[in-house]
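> Predicted model and sequence follow; I will ask about them next.
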Amino acid sequence: MNTRNEKTLGSTNKKESAESIEAKKHIEAYLGNILEATERDVEFTRLESVEAKLQSLNLQNEFTEDEYAILERKLRSKDSTTGADIRDKQNDTIRREFLRLKEKEGGIKENANKVGIISFDVRGLKVVNDATKDHHVGDAFLRSIADTAKTKIIPKMEQLLGAIAEKQGIAQKPKVTLGRDGGDEFSLFISSDIDLDSTLSTEEVQNFGLDSEKRLEGYSNRLMDVLTEYTDITFAETKLENILPKEVLKKHFPDTIIPDEWTFRAFVASGGSTLSEILNDPRAEHFKNINGGKIKNGMEPINILLGAMRTEADEKSYIQKEKQNKKWRESEHPVDKFQARMQVRNKEMNDLMNERDRLNSEINNLNERINNLKAEVVEKQTELDTCRTEVADLKVGAA
């Protein structure tokens, strides 16, 4: 990267100058909305390829040093693989929202129910990488996850949250942003002026496509729960057979029968938390001053709150992952059983699962034999009773 621009990247946040605004307009005039452009073009989000990309577009001489610095900062805020906000960028967004709530009437204490985060772990990335032996396929899988969030989940959330806000006479439009926390971990940050701890009506829940047959165990009609559940279910309904075809997977699991109805899907394990959950936790003694709305010592309390909210969501995501694994392990449905097999990460565990399946099969055979023998016993008992009746009748006749 050209050192001529490096000095400008670490500049402090100051009120945006007219020159800076004009510079951004200049960039957008050439490249359209730069944020959207970087999400569509993965290579363009790689910081080291900025100059090469500009050269390929014959734009390398069209920008001043200040404009080039703005372009770099915009690109640095995006994950190079998925186009989602990098964790630092999303954390900055969360900090700004916390500070906005601090300035509202009632401070953070009274407005902590207006923001929340949904953390979700992608299930199956290791299987994709191991089965295809190509990390580029794994990257494509992660891009599909991000695309599903951006094209299905976020628009639906913002639409329905917006409808709730409008119904309640709230002017502030709800905003949902996607971040990649690293590896197979992502998060959705929700900022609004809506009470995310409020309870939705059955009709409002159904607007998210969550009828009684779809709903997951342990979720209530609390808005944050519904948003989290909607995330899990929408991903689970997204088929990605182009990422991991059965033909490829059969080579990875040569001794396992893949059910005909099985399709590789974008399963995730989601966990959601509002800021109010953190502030209202009776164990959170170190949040007392913050809970009272008194923010001191610069950004430190804000960072503590941010970390605590993320941790709460992560813990719930882990619990959801364990629930999924338990359901798949204990289910007798072929698709669920194979889904459990896909989560296995070592040969020893895979052998144990094979042995478990063999023993279960023997137990089923033994139970079937026992039931057949019981039926035979009943049949023989009936014959014996009939014989006894006939003997009794003969004795009566002889007498």
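Received it, and whenever you're ready, just let me know what you need.

> next one: phi and psi at Thr274?
Backbone torsions for Thr274, taken as degrees, to the nearest 10, come to phi -100, psi 160.

> For it, which non-adjacent residue is spatially closest?
Gly116 (4.0 Å; Cβ to Cβ, 6 or more residues apart in numbering). Any C-beta I mention is one placed from the backbone N, CA and C, and that applies to glycine too.

> ok, the host helix or strand of that neighbour: who's next to it in the sheet?
Using DSSP states H and E, Gly116 falls within strand 115-122. Sheet pairing of strand 115-122 (DSSP bridges) gives strand 185-191 (antiparallel), strand 268-274 (antiparallel).

> How far off centre is that strand?
Chain-centre distance of strand 115-122: 6 Å, with Cα atoms, centre = their mean, to the nearest Å.

> Quick one: mean pLDDT over the helix or strand following that strand.
Under the assignment DSSP H and E, the closest C-terminal helix or strand after strand 115-122 is helix 125-132. Mean pLDDT, computed over helix 125-132, is 89.

> Run the chain-centre distance for helix 125-132.
The answer for helix 125-132 is 19 Å, by Cα atoms, centre = their mean.

> With stretch 197-204 instead?
The answer for stretch 197-204 is 22 Å, by Cα atoms, centre = their mean.

> picking up where we left off before, quick one: average pLDDT of the strand holding Gly116?
If you average the pLDDT over strand 115-122, you get 96.

> Likewise for stretch 174-191?
On average, stretch 174-191 scores 95.

> picking up where we left off before, got the strands paired with strand 115-122 as TSV, with mean neighbour count and distance to Ile145 columns?
Listed next are the strands paired with strand 115-122 as TSV, based on neighbours: other Cβ atoms under 10 Å; distance: least, Cβ to Cβ, whole Å:
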stretch	mean neighbour count	distance to Ile145
strand 185-191	24	7
strand 268-274	26	7
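
> want to try TSV for those, with distance to Asn354 as columns?
Formatted as TSV, the strands paired with strand 115-122 follow (distance: least, Cβ to Cβ, whole Å):
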stretch	distance to Asn354
strand 185-191	30
strand 268-274	25
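
> Give me the distance between the residue lying closest to Pro245 once chain neighbours are set aside and Glu241.
Among residues not flanking Pro245 along the chain, Phe264 sits closest, at 7.9 Å (Cβ to Cβ, 6+ apart). Counting by Cβ to Cβ, to the nearest Å, the gap from Phe264 to Glu241 is 6 Å.

> Give me the phi and psi for the residue nearest to Pro245.
According to degrees, to the nearest 10, Phe264 has phi -60, psi 130.

> Report pLDDT for it.
Phe264 is given a pLDDT of 93.

> for Val391, same thing?
84.

> List the contacts of the most centrally placed residue in the chain.
Centroid-nearest residue in the chain, with Cα atoms, centre = their mean: Phe120, separated by 3.0 Å. If you count contacts by Cβ atoms under 8 Å, 6 or more residues apart in numbering, Phe120 has them with 185-188, 231-232, 235, 268-271, 317.

> Mind listing the residues bridging to it?
Phe186, Ser270.

> circling back to that earlier point, ok, Phe264 and Glu241, which is more surrounded?
Remark: of Phe264 and Glu241, Phe264 carries more neighbours, 22 against 11, as counted by other Cβ atoms under 10 Å.

> where exactly do the strands run in the stretch 1-150 of the chain?
Along the stretch 1-150 of the chain, counting by DSSP state E, counting those that start in this stretch, strands occupy 85-86, 115-122.

> would a markdown table of those with distance to Arg96 be doable?
Converted to a markdown table, those look like this (distance: least, Cβ to Cβ, whole Å):
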| stretch | distance to Arg96 |
| --- | --- |
| strand 85-86 | 13 |
| strand 115-122 | 11 |
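
> Could you say which of the ones you listed is packed most deeply?
strand 115-122 (a mean of 26; mean count of other Cβ atoms under 10 Å).

> where does the stretch 201-350 of the chain dip in pLDDT?
Scanning the stretch 201-350 of the chain with the threshold set as pLDDT under 70 gives 282-300, 344-350.

> Show me where it has its helices.
202-207, 223-236, 246-252, 275-279, 288-291, 300-330, 334-342, 347-398 (DSSP state H, counting those that start in this stretch).

> nearest to Ile94, of the ones you listed?
Relative to Ile94, the nearest member of the helices of the stretch 201-350 of the chain by Cβ to Cβ is helix 300-330, separated by 5.4 Å.

> Pull out the buried positions in the closest one.
Buried residues in helix 300-330, defined by neighbour count with 16 or more other Cβ atoms under 10 Å: 301-302, 304-306, 308-310, 312-314, 316-317, 320-321, 324, 328.

> right, and Gly116 touches Leu275 too?
Yes. At 6.9 Å, Gly116 and Leu275 qualify as touching, with contact defined as Cβ atoms under 8 Å.

> so what's in contact with those two at the same time?
Common neighbours of Gly116 and Leu275 (Cβ under 8 Å, 6+ apart) are Met309.

> Now do the phi/psi pair for Leu240.
Per degrees, to the nearest 10, the backbone of Leu240 is at phi -130, psi 50.

> And it, how far from Ser270?
17 Å.

> what do you get for Met309?
Distance from Met309 to Ser270, by Cβ to Cβ: 15 Å.

> Could you verify my assumption that Asp184 touches Asp139?
No. Judged on Cβ under 8 Å, Asp184 makes no contact with Asp139 at a distance of 11.4 Å.

> Spit out the residues that contact these two alike.
Common neighbours of Asp184 and Asp139 (Cβ under 8 Å, 6+ apart) do not exist.

> where in the stretch 51-200 of the chain is pLDDT low?
Using pLDDT under 70, the stretch 51-200 of the chain drops low at 51-61, 69-76.

> all helices of it, in order?
65-76, 87-103, 107-111, 125-132, 135-148, 154-167.

> wait, Arg341 sits on Phe253?
Yes. Contact criterion Cβ under 8 Å: Arg341 and Phe253 qualify, at 6.9 Å.
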